[in-house]
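> Whatever this is, show me its structure:
(one chain, ligands or ions: 2)
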Amino acid sequence: MTKCLELAAWVEETALLTKPAHIHWCDGSDHENALLTASMLADGTLLRLNEQTHPNCYLHRSAPNDVARVEHLTFVCTANKEDAGPNNNWLEPAAGHGIIDALYAGCMRGRTMYVIPYLMGPYGSPYSRAGVEITDSPYVVANMRIMARIGTRALAHIEAGNSFVKGLHSTGDLDPARRYIMHFPEQLLIKSIGSGYGGNALLGKKCHALRIASWQARTEGWLAEHMLILGIEDPTGRITYVAAAFPSACGKTNLAMLVPPAAYAGWKVWTVGDDITWLHPGEDGRLWAINPEAGFFGVAPGTSLKTNPNCMQTLGRNTIYTNVAMTADRQPWWEGIDGDKPADLLDWQGRPHNVANGPAAHPNARFTVAAAQCPSYSHEADAPQGVPISAIIFGGRRSSVAPLVLEALDWEHGVFTGAAVASETTAAAAGQVGQIRRDPMAMKPFCGYNFGDYWAHWLSFGARSAQLPKVFHVNWFRKDAAGHFMWPGYGDNMRVLRWITERCAGAAQARKTPVGLMPRAEDLDLSGLTVSAQTLDALLAIEPAIWLAEMDDLETFFASFGARLPPALLQQIVRIRGALGGRPAA
Ligand code: SAT
Ligand code: MN
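Numbering: from 1, shown residues only. Ligands and ions are numbered 1, 2, ... in the order given. So this is what the prediction gives:
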């Protein structure tokens, strides 16, 4: 129970609606977790993995129709439709409550209702924010315990009078016809039903730390972003902190844990976060970043000692795996992991693996693991003041158009560059994979308000400080005519990060193009790498015709925001068209 009257009243009201058999207030203790784990092992929610090779690791197999975020069932319910914007599905708040409350009626009968107080951000940080998730899923409790700081200390923070976001979740009957993820930012309230999947059910993550927090950040003068945070240490020991936004399943976790190539003796990458960043302007005019999360909810397929050795060392103990395959001796397995495919695999649905049924692990199979287990976890990751950001990087998965790297000319052009991000869709969201779509700042699924207002908010920082980070755009996913990736990626992305840190320090050279500043081939340290001169030229080329077509597409997209679109973004299109020698804007 709690001394916080507002919280006590909400829990009581929720219990009256959902009618649980029991109410359990989570304290976050090891004892509590052991009891929950035992009950989930007993009822089959979790399977124990090989204790010798994977101590304290578990496998959860979700319902086959509940494996990803559901953007078409995700709503932002604001009094004024325009405030949610064309980038969100909208319902009038009373209508939203009406639909979802009817589904909640009696939905926890016979189940335990868990009350999870949580803190997003380090203990003692002025930037951390509290929330309470009510859920009927013990799997959600176990995951929230890894992803956020849950329990007694978070409750004390709330009882000290700090505001908190309310999140109500029930797995319901897992029928997609009765699945909704609704946000009421004006009430700091989230309501989710019908899914147990990460982004739909771990409400501290996307729902709170991005959709609700982005709304709060706008009114309070900060930014809540879909970004990783890393520190790049050079051989002199100087660390440059960078925040980077990429859509889901585009390599944020790999970049955050990068191991530099052998030729980069003395260089090291430190991991602060892999998914969400809260950026606050400091007194010094710089942007200071915290990672509101405490764990990684990463994509398993493709993760290996080759692609992400730090991640492989992070996994392997105290990890919850969801929808991976399992070997005959109960080890987790997925496509892209090291070694040959073993015989006698069980696929993610527990069936003997048969290629006719698709991959053994679901393409959006996940691991949930504490960030503190990561060998590259930064010593500054829990610093209450955060880390100062020197560069912001935007990127998408684009087989054409976007070059390997470019640097924005100034803040305004940087905001434009972020707003112009497009990327191919991935298995992280339900729907077709590989479709190119506009994904500004990698926030298309996560911005809790009108993108027009969001871009205006981003632009407003320009007038507030002269110490803002430099802005870059990268693309690791360019393909040649035969459909092969042109850039090796993974650890070799260090070569681009190095140029970026040197640009921040005023050291490296760049050439000016209509779409930004770019390295010449000789400005990149490619020692130990075999990429042909032609490939490098292609990776660093700007094709006017392709970019003019891109500007046309962008103009159409921007037009959908009507009067809320900041004119500065259209002016960038006009400038770029002119510099490319194209037609002036109509
Ligand atoms: O499932 S999550 O939304 O938390 C992960 C992602 O898609 O970025
Ligand atoms: Mn994400």
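
> Name every strand pairing with the helix or strand harbouring Thr240 and say which way it goes.
Per DSSP states H and E: Thr240 is located in strand 239-245. Here strand 239-245 is paired, per DSSP bridges, with strand 227-233 (antiparallel), strand 387-395 (parallel).

> So for Met518, which of the ones you listed sits nearest?
Proximity to Met518, assessed across the strands paired with strand 239-245 by Cβ to Cβ, is greatest for strand 387-395 (14.2 Å). Any C-beta I mention is one placed from the backbone N, CA and C, and that applies to glycine too.

> Just the CA coordinates for the closest one, please, in CSV.
These are the backbone C-alpha positions of strand 387-395, laid out as CSV (Å, rounded to 0.1, in the frame of the first residue of the first chain):
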residue,chain,number,x,y,z
VAL,A,387,26.8,13.2,-20.0
PRO,A,388,27.5,16.2,-22.3
ILE,A,389,26.6,15.5,-25.9
SER,A,390,29.0,16.7,-28.6
ALA,A,391,27.3,15.2,-31.6
ILE,A,392,23.8,14.0,-32.6
ILE,A,393,23.6,11.4,-35.3
PHE,A,394,20.5,10.5,-37.3
GLY,A,395,20.3,7.5,-39.6
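
> Toward the C-terminus, what is the element adjacent to it?
strand 405-407.

> Need the contact partners of that next one.
417, 470-475, 496, 499-500, 503, 510, 513, 515-519 (Cβ atoms under 8 Å, 6 or more residues apart in numbering).

> residues touching the residue in the chain positioned nearest to ligand 1, list them.
The nearest approach of the chain to ligand 1 comes at Gly199, 2.3 Å away (Cβ to the nearest ligand atom). By Cβ under 8 Å, 6+ apart, the contact set of Gly199 is 68-69, 205-207, 248, 428.

> what's the distance between stretch 105-118 and the middle of its chain?
In terms of Cα atoms, centre = their mean, to the nearest Å, the centre of stretch 105-118 is found 27 Å from the chain centre.

> now swap in stretch 395-410 and tell me
19 Å.

> touching ligand 1 at all, that stretch?
No - shown here: stretch 395-410 not in contact with ligand 1 (Cβ under 6 Å from any ligand atom), separated by at least 13.2 Å.

> List the buried residues for that stretch?
395-399, 401-409 (16 or more other Cβ atoms under 10 Å).

> what's the closest of those residues to Gly172?
Arg397 (32.6 Å).

> picking up where we left off before, may I see the strands paired with strand 239-245 arranged in TSV, with distance to Leu59 and mean pLDDT as well?
Shown next, in TSV, are these (distance: least, Cβ to Cβ, whole Å; pLDDT from 0 to 100):
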stretch	distance to Leu59	mean pLDDT
strand 227-233	26	98
strand 387-395	32	98
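
> Same list, these, but as TSV with distance to Val259 please.
What follows is these, written out as TSV (distance: least, Cβ to Cβ, whole Å):
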stretch	distance to Val259
strand 227-233	12
strand 387-395	18
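
> could I have stretch 167-177 exported to CSV, CA atoms only?
Taking Å, rounded to 0.1, in the frame of the first residue of the first chain, the C-alpha atoms of stretch 167-177 are listed here in CSV:
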residue,chain,number,x,y,z
GLY,A,167,0.1,3.1,-16.9
LEU,A,168,-2.6,0.4,-16.9
HIS,A,169,-1.8,-2.8,-18.7
SER,A,170,-3.6,-6.1,-19.1
THR,A,171,-2.8,-8.9,-21.5
GLY,A,172,-6.6,-9.3,-21.9
ASP,A,173,-7.3,-12.3,-24.2
LEU,A,174,-4.4,-11.5,-26.6
ASP,A,175,-6.9,-11.2,-29.4
PRO,A,176,-5.7,-8.5,-31.9
ALA,A,177,-9.3,-7.5,-32.4
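
> of the buried residues of stretch 395-410, closest to Trp547?
Closest to Trp547, out of all of the buried residues of stretch 395-410 and judged by Cβ to Cβ, is Val401, at 7.3 Å.

> show me the contacts for that closest one.
422, 546-547, 550.

> Any buried residues in the longest helix anywhere in the chain, and which?
Criterion DSSP state H: the longest helix present in the chain is helix 544-559. Neighbour counts over helix 544-559 (16+ other Cβ under 10 Å) mark 547-548, 550-551, 554-555, 557-558 as buried.

> Leu47 contacts Cys57, correct?
No - using Cβ atoms under 8 Å, Leu47 makes no contact with Cys57, being 9.9 Å away.

> Looking at those two, which has the bigger crowd around it?
Counting neighbours by other Cβ atoms under 10 Å for Leu47 and for Cys57 shows that Cys57 has the greater number, 24 against 17.

> can you give me the helices in the stretch 1-150 of the chain?
With DSSP state H, counting those that start in this stretch, the ranges of helices along the stretch 1-150 of the chain come out as 5-18, 30-43, 81-84, 93-104, 138-147.

> Next, the angle helix 30-43 makes with the last one.
I take that to be helix 138-147. Between the axes of helix 138-147 and helix 30-43, defined by axes from the mean of the first three to the mean of the last three Cα atoms, to 10 degrees, the angle is 140 degrees.

> Helix 138-147 - contacts with which helices or strands?
Here helix 138-147 touches helix 30-43, strand 112-120, strand 129-135, strand 295-299, strand 320-322, strand 366-370, going by 3 or more Cβ pairs under 8 Å, 6 or more residues apart in numbering; DSSP states H and E.

> Same check on the fourth one?
Contacting helix 93-104 under the criterion 3+ Cβ pairs under 8 Å, 6+ apart are the following elements: helix 5-18, strand 180-184, strand 189-193.

> Pull out the buried residues from it.
Quick answer for helix 93-104 (16+ other Cβ under 10 Å): 93, 96-97, 99-100, 103-104.

> same deal with the shortest one?
Using 16+ other Cβ under 10 Å as the test for burial, helix 81-84 gives 82-84.

> ok, so of those residues, who is nearest Gln349?
The nearest one, if we look at the buried residues of helix 81-84 relative to Gln349 and count by Cβ to Cβ, is Ala84, at 36.1 Å.

> Contacts only, for that closest one.
76-78, 90, 449-450.

> Keep only those of the residues you listed that are in strands.
76, 90 (DSSP state E).

> tell me which element Ala289 is part of?
Going by DSSP H and E, Ala289 is part of strand 287-290.

> Parallel or antiparallel, list what pairs with that strand.
By DSSP bridges, strand 287-290 pairs with strand 277-281 (antiparallel), strand 387-395 (antiparallel).

> what does it contact?
Against strand 287-290 from outside (Cβ under 8 Å, 6+ apart): 121-122, 125, 127-128, 223, 227, 229, 241, 243, 272-273, 277-282, 385-389, 461, 468-469.
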